[in-house]
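[1] Need coordinates for the following:
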Amino acid sequence: MKVIKTWCREILQGIEYLHNLKPHPIIHRDIKCDNIFINSNKGEIRIGDLGLATCMSHAYADSVLGTPEFMAPEMYEEVYGPSVDVYSFGMCVLEMVTNQTPYRECANPAQIYRKVINGIKPEALELIINEDVKAFILECLKPKDERPTATELLKHK
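    Take a look at the predicted model:
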């Protein structure tokens, strides 16, 4: 858990950096474990593959892009902001602690879509024994208006 906590802190610092860029914040839109790189020599974490990233030149972004298992519900509605990266980060934490891809129980993207837009969480959440870890992940998966920012999550115990 100590290593995962360190990784989470570094990933959140990267997300916080992107979201606080001036004059326009950047939304990554495809945060997933496959796009998080670890330098095993130094233990450094880097967020990569910014191919789907977008600058926030107005109050919201408006295209459906990303990996279905990690996409926040509002991305499917095509009106969203930086908090979609926090949701995706929560799914990454879920994968890190369970070693299972979120929504692994689904056979195709359409099944994932239905679960996500109906607020049905991945079955992998039930594998988490540590209630503090589960609560932290659920914080990240809250509805967009209640979801904390990366900065707020960095203050989480």
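[2] Residue 132: neighbouring residues, count only.
    Per other C-beta atoms under 10 Å, the neighbour tally for residue 132 reads 11. To be clear about C-beta, it is placed using only N, CA and C from the backbone, and glycine gets the same treatment.
[3] what's the nearest residue to it if we skip its chain neighbours?
    residue 157 (7.4 Å; C-beta to C-beta, 6 or more residues apart in numbering).
[4] tally of neighbours for the one you found?
    Per other C-beta under 10 Å, the neighbour tally for residue 157 reads 6.
[5] What residues does the residue of the chain positioned farthest from its centre make contact with?
    The centre of the chain is farthest from one residue, residue 41, which by C-alpha atoms, centre = their mean lies 25.4 Å away. Listed by C-beta atoms under 8 Å, 6 or more residues apart in numbering, residue 41 has no contact partners.
[6] for this structure, what spans make up the strands?
    26-27, 36-39, 44-47, 54-55 (DSSP state E).
[7] Looking at the ones you listed, which one is packed in the most?
    strand 26-27 (a mean of 22; mean count of other C-beta atoms under 10 Å).
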